[in-house]
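Undergrad: Give me a model of this one.
(chains A and B)
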Amino acid sequence: MINDGDYVAVFNNVHRVMKAEKILKEKRLNILLIPAPRALKSDCGLAIRYCLADRPVIEALLGEAGLLPEEIYRKQGEEFIRIDAPGA
Amino acid sequence: MKTIDCRKMTCPMPVVTVKKALEESPGQALTVLLDDGPPRENVARFAVNRGFTIEETPLDDGYAILISGSAGEAIAIRKEKVGETVMLIASDMLGEGSEELGRLLLKNFVNTLVEVAETPDRMLFVNTGVFLTTEGSEVLEALEKLGNRGVEIASCGVCLDFFNLRDKLRSGTVTNMFTIAESLLKARSVIRL
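TA: Down below sits the predicted model:
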């Protein structure tokens, strides 16, 4: 479900991820709620997938709503690269 | 030797068609004509994963894949003796209680199936379960991936009609209660969601 170059925002709380999904869906952004990859630690096991082109607007919206994810990763080959600061 | 032309088919139909042909004629070699790209890759991966030998030949228009080996007989015997795993999805929610949480859980379950090595042989969608196979569903990408791995996806025709969704079906085929009943009765295990 995660293609090379995709971004994965990992949340540790089901209410936060549900709120985040709702906000992003209302803006008709191309996101997908996915199971957090096994390689990444997640308490609630949920993540949101999006692409590079949508990254600035998605992270800005989540920041405004106080819903920035705990961790953001980029899929690179078989690995997940931790992206330092959300919105950076 | 049988030849089937799967060119101009969109995924996952090439894999679905090849799977059906292999099951109908176990042990017989099969030549499949395919468009290059995902249809060719998906059918080749499907055949190799099931233990068949493949031989690819480029054509002016696409590729020919010769699928051979005894894996078909083994699959047919296993299917006859052991039976299939059938998943019955009878709702657009997983569990009872919060509808919002239930929808999230079912969506997450189907998306998780893609990441799991074991897959069901067949997924049957009835009642509000058909919301998952029709336009607007958030698991269409996952269902396409499962279809490419040989999972048969079928939606209840009466249910599609009831919700006026027959022309909005975006994954798998339309089925009827005879097929659903037979599938459930013949299955090795039925997983009801």
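Undergrad: What is the burial count for the residue nearest to B:Lys8 when sequence neighbours are not counted?
TA: Leaving out its chain neighbours, the residue that sits closest to B:Lys8 by Cβ to Cβ, 6 or more residues apart in numbering or on different chains is B:Asp35, at 7.0 Å. C-beta: built from backbone N, CA, C; applies to glycine. The tally of other residues near B:Asp35 (other Cβ atoms under 10 Å in any protein chain shown) stands at 17.
Undergrad: isn't B:Asp35 right up against B:Gly62?
TA: Yes - counting by Cβ atoms under 8 Å, B:Gly62 is a contact partner of B:Asp35 at 4.9 Å.
Undergrad: joint contacts of those two?
TA: Residues within reach of B:Asp35 and of B:Gly62 at once, by Cβ atoms under 8 Å, 6 or more residues apart in numbering or on different chains, are B:Arg7.
Undergrad: Next, work out how far apart B:Thr133 and B:Ala21 are.
TA: Going from B:Thr133 to B:Ala21 by Cβ to Cβ, to the nearest Å gives 23 Å.
Undergrad: Same check on B:Asn127?
TA: 32 Å.
Undergrad: between those two, who's got more neighbours?
TA: A direct count of neighbours by other Cβ under 10 Å for B:Asn127 and B:Ala21 places B:Ala21 higher, at 18 against 15.
Undergrad: Can you name the next helix or strand after the strand or helix carrying the more buried one?
TA: Using DSSP states H and E, B:Ala21 sits in helix B:13-24. Proceeding N to C from helix B:13-24, the next assigned helix or strand is strand B:30-34, under DSSP H and E.
Undergrad: chain center to that next one, what's the gap?
TA: What separates the centre of strand B:30-34 from the centre of its chain is 18 Å, taken as Cα atoms, centre = their mean, to the nearest Å.
Undergrad: same thing with stretch B:142-153?
TA: Distance, stretch centre to chain centre, for stretch B:142-153: 4 Å (Cα atoms, centre = their mean).
Undergrad: ok, and what's touching it?
TA: A:1, B:11-12, B:15-16, B:19, B:38, B:42, B:45-46, B:49-50, B:110-111, B:113-114, B:119-123, B:125, B:132-133, B:137, B:171-173.
Undergrad: If I look at the nearest residue to A:Asn30 once chain neighbours are set aside, what pLDDT would I see?
TA: Closest residue in space to A:Asn30, ignoring its immediate chain neighbours: A:Asp54 at 6.1 Å, by Cβ to Cβ, 6+ apart. Here, the pLDDT recorded for A:Asp54 equals 95.
Undergrad: before we move on, what about B:Leu104?
TA: In this model, B:Leu104 is scored at 94, pLDDT.
Undergrad: again, but for the one 5 residues further on
TA: B:Phe109 carries a pLDDT value of 95.
Undergrad: Am I right that it is in contact with B:Ile191?
TA: No - using Cβ under 8 Å, B:Phe109 is not in contact with B:Ile191; the gap is 10.5 Å.
Undergrad: Among the two, which residue is more densely surrounded?
TA: B:Phe109 (16 against 12).
Undergrad: ok, so what distance separates the more buried one from B:Leu160?
TA: In terms of Cβ to Cβ, B:Phe109 sits 22 Å off from B:Leu160.
Undergrad: Would you mind listing what in chain B touches chain A?
TA: Applying Cβ under 8 Å from any Cβ of the partner chain, one finds that chain B approaches chain A through B:100-101, B:104, B:107-108, B:111-112, B:114-115, B:138, B:141-142, B:145.
Undergrad: Let me see the ranges of the strands in chain A.
TA: A:7-11, A:32-35, A:46-50, A:71-76, A:79-82 (DSSP state E).
Undergrad: Can you say which of these is packed in most?
TA: strand A:7-11 (a mean of 24; mean count of other Cβ atoms under 10 Å in any protein chain shown).
Undergrad: List the pairing partners of that one within its sheet, with orientation.
TA: strand A:46-50 (antiparallel), strand A:71-76 (antiparallel) (DSSP bridges).
Undergrad: what sits against the residue of chain B found nearest chain A?
TA: Closest to chain A within chain B is B:Thr112: 4.4 Å, counting by Cβ to the nearest Cβ. Neighbour list for B:Thr112: A:Pro35 [criterion: Cβ under 8 Å, 6+ apart].
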